[in-house]
Structures are given as C-alpha cells and as structure tokens.
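In: Provided below are the primary sequence and the corresponding predicted coordinates.
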Amino acid sequence: MNEARRVFNYFTNNLDRIYGYTMEHLILIAIAISLSVVLWVSLGVLLRNNKKMANGVMGVGSFVMSVPSVALYGILISIPGLGLSRQSAVLALVLYSMLPILRNVYVALNEVDKNILEAAKGMGMSETQILRKVQLPLALPVILAGVRVATVMMVGIGTLAVYIGERNLGVLIEQGLTRSRSDMIITGALLVTVFVVIIDFFIGWLEKTVVSKGIQSEEVSQSGGEN
C-alpha cells in the first residue's frame, strides 16, 4: 500500500515532466512507424512477385530481429553522422519493424484469391489497377496486423533509446534503476504499458472500421462494374 502511495505521489508531483517524456516517446514512435509503413509496405509491394528476393530480404529482417536492441543502438551510434541522436533511435526502430510489416505485406498480397484476380483481369483492369483496387484492400487487414505488431514492439524498444540520448519514458526507468527508486521504475513501466494498450486498441479499432469500410466499398464498385 505504501509503494502504491509513493508511485501515486511521484506521478502527481511530476506531471509536467512525465507529460514531456510521454510526448517525446509519442513523437519517436510516430516518426518511426510512419517511415516504416512507407518503406516496408512499398518494398513488400515491389517484391510481391519475386519470392527469391523477398525471402532474402525477410532473412535480413529476421537477422535484425535477433540482434539485441542495446547492441543495435551501439552499432548505429558508431556510424559517422548518426552518433547519439534521434536519427539512430528512429533507424533502429525502422529496422526492427522490417520483418513484421514486410512479411505481412508479402504474404497478404500473395494470398489474395486467384479467382478474384482473374476476374479483375477479365474486367480489363491493368496490373496497377488490380493492385490498388483489389489486392491492397483485401490485404489490408493482414498488413495492419503487421503494423500493429511493429508499433507495439517499438514502444518497448524505444524506452532503451534513453541510452543514446532520447528523453522519453525510458528516462524514468533508467533513473529509477540508477537511484534505486522503485516509484520511478513502476511509474515508467506502467506508463509504457498503458501506451502499448492504447496503441494496440487504436490500431485494432482502425482495422475493424477503416478496413471493413474499404472492403465493402470495393465490393460495391466491383459489383457495379459487373453490371
């Protein structure tokens, strides 16, 4: 009970500081996931018909995932032009997101029903039109699932970016460990957990609303074309 009171007191007495760390964490994740979606979705689309190259790139992604985050941060800060900077933190998170996003894009696009693709070709659609109007809308749930996994992973790994200069929620945990302050550690851990839950819920909601509407809209347009 005393521990809970200490955590509550620390939280209420440091709201401005905690708000600043939370916003910095949010900005880091927002930049990293935005770049990751653009980069890895685009690459997944380009590699959708090249299984050999796709497997090779995903092999690189698997290797990156096997590297401990602290070690990857250490490698990146040794690269000239990066060092102890946000660029290093963002690059690490983008690299870690490669496998979950790229794999889901590749798999989702290649699992679209071949009969649907043949029907689209029979309607006179070009490859680009089929990709944009048929494959991507149908693959979107799986793609978003990959983005969801990557984003949740980024929130946790992003806390360790405090060791390369980031001033986010990881500061609370790092300083709590240094000072043996359990109230700081618990506050930081709880906030990161809440962050993960909120992001997971938001992307799940997005998947259920935007995706379903997009697919329904596509079905209407296809049925209209058939008529």
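Out: Perfect, thanks for sending it.

In: before we move on, which element is Tyr73 in?
Out: If you go by DSSP states H and E, Tyr73 is part of helix 69-77.

In: buried set for stretch 104-115?
Out: Of the residues in stretch 104-115, 104-109, 112 count as buried by neighbour count, 16 or more other C-beta atoms under 10 Å. (Glycine included, C-beta is placed from N, CA and C.)

In: swap that for stretch 189-200, please
Out: For stretch 189-200, burial by neighbour count (16+ other C-beta under 10 Å) applies to 191-192, 195-196, 199.

In: and that stretch, average pLDDT?
Out: When pLDDT is averaged along stretch 189-200, the result is 92.

In: hmm, who's touching that stretch?
Out: Identification of contacts with stretch 189-200 by C-beta atoms under 8 Å, 6 or more residues apart in numbering yields 7, 18, 22, 25-26, 29, 148, 151-152, 155-156, 159, 169, 172-173.

In: SS state for Leu84?
Out: coil (DSSP: H, G, I helix; E, B strand; the rest coil).

In: nearest residue to it other than its sequence neighbours?
Out: Using C-beta to C-beta, 6 or more residues apart in numbering and skipping residues adjacent in sequence, the residue nearest Leu84 is Gly165, 4.1 Å away.

In: that neighbour and Gln87, how far apart?
Out: Per C-beta to C-beta, to the nearest Å, Gly165 is found 10 Å from Gln87.

In: just Leu15 next, same as before
Out: For Leu15, the distance to Gln87 under the criterion C-beta to C-beta works out to 30 Å.

In: and of the buried residues of stretch 104-115, the nearest to Leu144?
Out: Asn104 (8.4 Å; C-beta to C-beta).

In: circling back to that earlier point, keep only those of the buried residues of stretch 104-115 that are in helices.
Out: Counting by DSSP state H, the members of those that fall within helices are 104-109.

In: contacts only, for Leu172.
Out: Listed by C-beta under 8 Å, 6+ apart, the contact set of Leu172 reads 18, 21, 184-185, 187-188, 191.

In: helix, strand, or coil at it?
Out: Under three-state DSSP, the three-state class of Leu172 is helix.

In: for the biggest helix by length in the chain, which positions count as buried?
Out: Ordering each helix of the chain by length in residues (DSSP H) puts helix 15-46 first. Residues 18, 21-22, 24-26, 28-29, 31-33, 36-37, 40-41, 43-45 are the ones in helix 15-46 that count as buried (16+ other C-beta under 10 Å).

In: chain center to it, what's the gap?
Out: Computed by C-alpha atoms, centre = their mean, to the nearest Å, the chain-centroid distance of helix 15-46 equals 7 Å.

In: who does it touch, helix- and strand-wise?
Out: helix 86-96, helix 98-110, helix 136-158, helix 170-179, helix 182-206 (3 or more C-beta pairs under 8 Å, 6 or more residues apart in numbering; DSSP states H and E).
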